[in-house]
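Student: The following comprises the amino acid sequence and a computationally predicted model.
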Amino acid sequence: MCAYGSKVAGYARPDSDYDLILVAKRFREGVRYKYVGDDVAASALIVDEDLIQQDARASSLGEFVVGRFLNVYEPLSNKEFFRGVEKEYKKRVLIEGLLELSSDYGDFCRHLVVPLEYFLFDKLRKRSVVYPPALYSYVQTYSCALGPENRAISADGFREAAESLQSRGYFSIEGRGLRMNPEKMRGDAFTKVQSLFALTTRGVTQYAVHGYAGRVGFSVFRKEAESKLRRMRKQPDPLPELERPRTLLRLDEGTVIPDASRLEMDVAHLLGFTEFAAEERLIGEPYSTTRVLTFRGGGRKISVVLKNFSDIRSLKWALLGVWAAAANKFRMTPLARLDREYSVTGALRGAGVNVPAIIAVSPDVRILVKEFVEGETLAKIIDDYCRGGARGLEEVGAYGKLMSRVHAAGFALGDAKASNVIVSPGGLALTDLEQADPEGDKAWDVAEFVYYTAKLSNKEGAMRRVAGSFLEAYVRAGSREVVSKASAPKYLRPFQPFLLPALAKSLREEMSGLA
């Protein structure tokens, strides 16, 4: 026997019932409510031993019984039995929660640290959707005076469940959270459909079992109905964790924003704005999926960059993949590009490369929020140089040196165009890393910069000087072998339609001369 509910959690009223669970061997009725209202008001949920264990393992009762073990309870006898049921149930809740995150976020889930409390509140939210009257109890349990203690007790149960599953390699335990291994947690759309289907069927089963278990007289039925109506009328303010469990998810860099409808507000709060005005503008090339969001308020002005990896314009990568198939392969799915940009940003910063800081990620809609770097693009500076400007070659040489450092760190940029480089007071900053790859083609980076920069240009002399400055700086700091490989005809072919024949020939000669 164990006790649960308001008396144990610490939010009981003077007239609240005692809530009990009694587990019996070979209980012929399976599951049954028994109400006592004489000397002590109590409601006992009596359940067969095998049935409660099946409910823990496979939701055979729609979690009607075992769902109570998400929250704090007090064993009155046979403590080991109840702890075993709780552990078995929380193992399943934990795996289902991880599979859903893996299905939603793909390889990006490797960057998430999932607090143990997440599994509690995510499951409670789903249960309250299926059975709204339970929301009152959930809110009271975690907002009353014993709320912090109740959270810790429930999280300890999830920790024990996680420790028993850790050897399977699905995740590692980091402090009071879990980090997923996406290679092991290969959630997909089918897994998520199964999970949603299970949630629906559990709800139906739970209602059916509730009706079956509550075979009582009319007076008891009326008392329970009145109690639930009072709860619905006195519904306390919802807990943020119950409304939006994914706000509990953490990242090594930046903050998770799970609700895209609140993106602007949440970013403003992260930047320290309480009252603000915001304006937005697109930046980059016509097919760019990047925009700048500027906040003003309290005498302050801060801009951030929002990059939408699922924007329709990101279909450019499918077209570019066909265009450059012989020379380079591009990553095309939104999640894969988000994952790559997030991963490489941290890795290159660790290698001493200047990259914008990550402020937030909204993985549900594939949006990355980064620091806005003031300055001009290297592409604009090169364009000004070709029109007779005085500066340009020094900055181009600095990019050659920077690219060499990126390659030495073990990465190819994949999209090495000059428009992705900001020349700022603090030096050159790389702003587009979604195609960067530790297994990428470094020769493609060199060839793309040289040939793409010269596209549709008739300034052969200026373009040759730009290429020479870049290549010489790259070779001084890097590898001649990469430049030699970049001079191969296959790297020229994708750009050939956009280059004058004489210019294409002279650029190849620049590369061959330094190979």
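Tutor: Ah, there it is.
Student: all contacts plus neighbour counts: C-alpha atoms, from now on.
Tutor: Fine.
Student: So, low pLDDT: which residues of the protein?
Tutor: For the chain, the stretches flagged by pLDDT under 70 are 186-236, 284-288, 311-332, 515.
Student: mind giving me the domain split of it?
Tutor: 2-249, 255-371, 376-514 (automatic domain parsing).
Student: Go through the ones you listed and pick out the most buried.
Tutor: The highest mean neighbour count among these, using mean count of other C-alpha atoms under 10 Å, belongs to domain 376-514: a mean of 19.
Student: centre of the chain versus that one, how much separation?
Tutor: Between the centre of domain 376-514 and the centre of its host chain there is 33 Å, according to C-alpha atoms, centre = their mean, to the nearest Å.
Student: contacting residues around the residue nearest in space to the middle of the chain?
Tutor: Centroid-nearest residue in the chain: residue 363, 4.3 Å away (criterion: C-alpha atoms, centre = their mean). Neighbour list for residue 363: 105, 256-258 [criterion: C-alpha atoms under 8 Å, 6 or more residues apart in numbering].
Student: which pair in the residues you listed spans the largest distance?
Tutor: 105 and 257 (13.1 Å; C-alpha to C-alpha).
Student: measure the residue nearest to the centre of the chain to residue 258 for me?
Tutor: Counting by C-alpha to C-alpha, to the nearest Å, the gap from residue 363 to residue 258 is 7 Å.
Student: I'd guess residue 43 is in a strand, am I close?
Tutor: Yes - read with DSSP: H, G, I helix; E, B strand; the rest coil, residue 43 is one of the residues of a strand.
Student: So it sits against residue 32, correct?
Tutor: No - checked against C-alpha atoms under 8 Å, the pair residue 43 and residue 32 is beyond contact range at 10.4 Å.
Student: quick one: secondary structure of residue 22?
Tutor: Residue 22 is classified as strand under three-state DSSP.
Student: That one and residue 71: what is the separation?
Tutor: 17 Å.
Student: do residue 458 as well
Tutor: Distance, residue 458 to residue 71, using C-alpha to C-alpha: 72 Å.
Student: Would you mind pulling up the elements that the helix or strand hosting residue 444 packs against?
Tutor: If you go by DSSP states H and E, residue 444 is part of helix 442-453. Secondary-structure packing of helix 442-453 (3 or more C-alpha pairs under 8 Å, 6 or more residues apart in numbering; DSSP states H and E): helix 480-486, helix 489-492, helix 501-514.
Student: got a list of contacts for the first one?
Tutor: Contacts of helix 480-486 with the rest of the structure, by C-alpha under 8 Å, 6+ apart, involve 442-444, 446-447, 471, 475, 511-512, 514-515.
Student: so can I have a markdown table of those residues showing distance to residue 175?
Tutor: Converted to a markdown table, the contacts of helix 480-486 look like this (distance: C-alpha to C-alpha, whole Å):
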| residue | distance to residue 175 |
| --- | --- |
| 442 | 38 |
| 443 | 42 |
| 444 | 42 |
| 446 | 43 |
| 447 | 45 |
| 471 | 47 |
| 475 | 45 |
| 511 | 51 |
| 512 | 54 |
| 514 | 52 |
| 515 | 51 |
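Student: next SSE after the helix or strand hosting residue 296?
Tutor: Taking DSSP H and E as the criterion, residue 296 maps to strand 290-297. Sequence order places strand 300-308 as the next helix or strand after strand 290-297, per DSSP H and E.
Student: Mind giving me the packing neighbours of that following strand?
Tutor: strand 290-297, strand 367-371.
Student: Quick one: closest of those strands to residue 333.
Tutor: Judging the helices and strands packed on strand 300-308 by C-alpha to C-alpha, what sits closest to residue 333 is strand 367-371, at 13.1 Å.
Student: Quick one: work out the angle between that closest one and strand 290-297.
Tutor: 60 degrees (axes from the mean of the first three to the mean of the last three C-alpha atoms, to 10 degrees).
Student: Number the residues from 53 up from this point.
Tutor: Sure, I'll start counting at 53 from here, so that last one is strand 419-423.
Student: The helix or strand just after strand 419-423 pairs with which strands, parallel or anti?
Tutor: Using DSSP H and E, the helix or strand that follows strand 419-423 in sequence is strand 428-429. In the sheet, strand 428-429 lines up against strand 473-476 (antiparallel) (DSSP bridges).
Student: Grab the CA positions of the partner strand and hand them over as CSV.
Tutor: Extracted in CSV, the C-alpha atoms of strand 473-476 (Å, rounded to 0.1, in the frame of the first residue of the first chain):
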residue,chain,number,x,y,z
VAL,A,473,33.1,37.1,-44.8
ILE,A,474,32.6,40.3,-42.7
VAL,A,475,35.5,42.7,-42.5
SER,A,476,35.0,44.3,-39.1
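Student: which residues sit against stretch 428-444?
Tutor: 445, 447-448, 469-476, 505, 511, 514-515, 518.
Student: Quick check: the farthest pair among those?
Tutor: The widest separation within the contacts of stretch 428-444 (C-alpha to C-alpha) is 26.2 Å, between 476 and 511.
Student: and residue 185, how far is that from residue 523?
Tutor: In terms of C-alpha to C-alpha, residue 185 sits 69 Å off from residue 523.
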